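Novice: I need the structure of the sequence given here:
(one chain, ligands or ions: 2)
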Amino acid sequence: MKMEGKLVLVTGGAGFIGTHTVVQLLKEGFRVSIIDNFDNSVEEALDRVKEVVGPALAAKIEFHFVDLRNKDDLEKVFAKSKFDGVIHFAGRKAVGESVEYPRRYFDNNLIGTINLYEVMAKYNCKKMVFSSSSTVYGQPEKIPCVEDTELKAMNPYGRTKLFLEEIARDISQAESDWQIILLRYFNPVAAHESGKIGEDPKGIPNNLMPYIQQVAVGRLPELNVYGHDYPTRDGTAIRDYIHVMDLADGHIAALKKLFTPDFKGCVPYNLGTGRGTSVLEMVAAFEKASGKVIGAST
Ligand SMILES: NC(=O)c1ccc[n+]([C@@H]2O[C@H](COP(=O)([O-])OP(=O)(O)OC[C@H]3O[C@@H](n4cnc5c(N)ncnc54)[C@H](O)[C@@H]3O)[C@@H](O)[C@H]2O)c1
Ligand SMILES: O=c1ccn([C@@H]2O[C@H](COP(=O)(O)OP(=O)(O)O[C@H]3O[C@H](CO)[C@H](O)[C@H](O)[C@H]3O)[C@@H](O)[C@H]2O)c(=O)[nH]1
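Specialist: Ligands and ions are numbered 1, 2, ... in the order given. Take a look at the predicted model:
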């Protein structure tokens, strides 16, 4: 299907998954408009995206420094351009922080997204790919989880994802012209092969992979391995890690699906590999790939 020239709005496009997805969107022929408030990213990330894609594709990116909670600013972006669809990454994502400061999560993730739906509706843009998370499965009794596994959020961050999924389902149920895909990511890791973009969160990383990376470059002294008595092959916790470029391609596939004439309603898809890796296996794999020893507390 021809995507040449279609204009996609990418919220949170300066972030980890956003930057990698923007690269793939441009390569597929889309034009991209990015909204970000640099809450957890830096402007340089967008310069790096431009370096990766080269000047011809870089000319197809526009950027708006906008906070989704500011509906007036958001409207100005929609008033200027007619978007063919939206990929919505923007939001906060740290589980621990959400337990300590739940209102931050309700404010950013819920209000920001509700504003986005309102403005999309007003400007008749009704195709959305939404960043959900495997966190909506809570602690599932049976793995691997499939899309109809029971949904059960366990913390405020997870609840925002679950609420936002329910909101998407309600909207598409009431208004049949919406087309929404909910992508439930497992654990996104790694970086673009150029090494020019990657995962570089502000502050001390919450996630395993960026933490390991910062130990490797000497920014952090050692990795604390959380838990050694899980019922797993080496006692450390197992997760399903998916390469961020595969995840980015998953967004392109989802977007293309929204442009097929027979796609209707709101549909969730898991984005993972179906394979589990333990924390110690992850450390060993990183050491092998990088040639560096990762100091880890045991
Ligand atoms: N990385 C993961 O492990 C993971 C797993 C499952 C789901 N997700 C979801 O995927 C999405 C993207 O995750 P990521 O890893 O790229 O995170 P990220 O923090 O790197 O990117 C999010 C981007 O959104 C921006 N942003 C946040 N609030 C904003 C607001 N109110 N207005 C405008 N911009 C705002 C941030 O500045 C950042 O650039 C998030 O919704 C996250 O919850 C991530
Ligand atoms: O310093 C660290 C950081 C992590 N871990 C371990 O490494 C594994 C992966 O941890 P991450 O924090 O990278 O990933 P989680 O699966 O715990 O959490 C991620 O997946 C969740 C969905 O299950 C949510 O989406 C959440 O936002 C996202 O960070 C876990 O076993 C964790 O205990 C450590 O041992 N040490």
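
Novice: can you report how many residues lie near the closest residue to ligand 1 within the chain?
Specialist: Closest approach between the chain and ligand 1, counting by Cβ to the nearest ligand atom: residue 15, at 2.0 Å. Every residue, glycine included, has its C-beta placed from N, CA and C. Residue 15 has 25 neighbouring residues, counting by other Cβ atoms under 10 Å.

Novice: with residue 282 instead?
Specialist: Residue 282, neighbours per other Cβ under 10 Å, totals 22.

Novice: got it, and residue 121?
Specialist: Neighbours around residue 121, by other Cβ under 10 Å: 14.

Novice: swap in residue 190?
Specialist: Neighbour number of residue 190 under other Cβ under 10 Å is 18.

Novice: hang on, the earlier thing: which ones are touching the residue of the chain closest to ligand 1?
Specialist: 36, 40, 41, 45, 89, 90 (Cβ atoms under 8 Å, 6 or more residues apart in numbering).

Novice: among those residues, which are in reach of ligand 1?
Specialist: Intersecting the contacts of residue 15 with the contacts of ligand 1 gives 36, 40, 41, 89, 90 (criterion: Cβ under 6 Å from any ligand atom).

Novice: just those residues: which are in strands?
Specialist: Applying DSSP state E to those, the entries found in strands are residue 36.

Novice: which one of the ones next to ligand 1 among the contacts of residue 15 is nearest to residue 284?
Specialist: residue 40 (28.8 Å; Cβ to Cβ).

Novice: show the backbone phi and psi for the closest one.
Specialist: Per-residue torsions, residue 40: phi -130, psi 30 (degrees, to the nearest 10).

Novice: I'd say it and residue 205 touch.
Specialist: No: under the contact definition of Cβ atoms under 8 Å, residue 40 does not touch residue 205, with a separation of 10.8 Å.

Novice: my guess is residue 45 contacts residue 22, does it?
Specialist: No: here residue 45 lies out of contact with residue 22, judged by Cβ under 8 Å, at a distance of 9.6 Å.

Novice: these two: who's more crowded?
Specialist: residue 22 (31 against 21).

Novice: so the more buried one lies in a helix, does it not?
Specialist: Yes: under DSSP: H, G, I helix; E, B strand; the rest coil, residue 22 sits within a helix.

Novice: list the contacts for it?
Specialist: So residue 22 contacts 10, 13, 32, 34, 49, 61 (Cβ under 8 Å, 6+ apart).

Novice: the fifth one: helix or strand, and which one exactly?
Specialist: Secondary structure from DSSP states H and E places residue 49 in helix 44-58.

Novice: by contact count, what packs against that helix?
Specialist: Judged by 3 or more Cβ pairs under 8 Å, 6 or more residues apart in numbering; DSSP states H and E, helix 44-58 is in contact with helix 16-27, strand 61-65.

Novice: related to what we said a few turns ago, top of the contacts of residue 22 by neighbour count?
Specialist: residue 10 (30 neighbours).

Novice: how about that residue, secondary structure?
Specialist: Classified using three-state DSSP, residue 10 is strand.

Novice: what's across from it in the sheet?
Specialist: residue 34, residue 87 (DSSP bridges).
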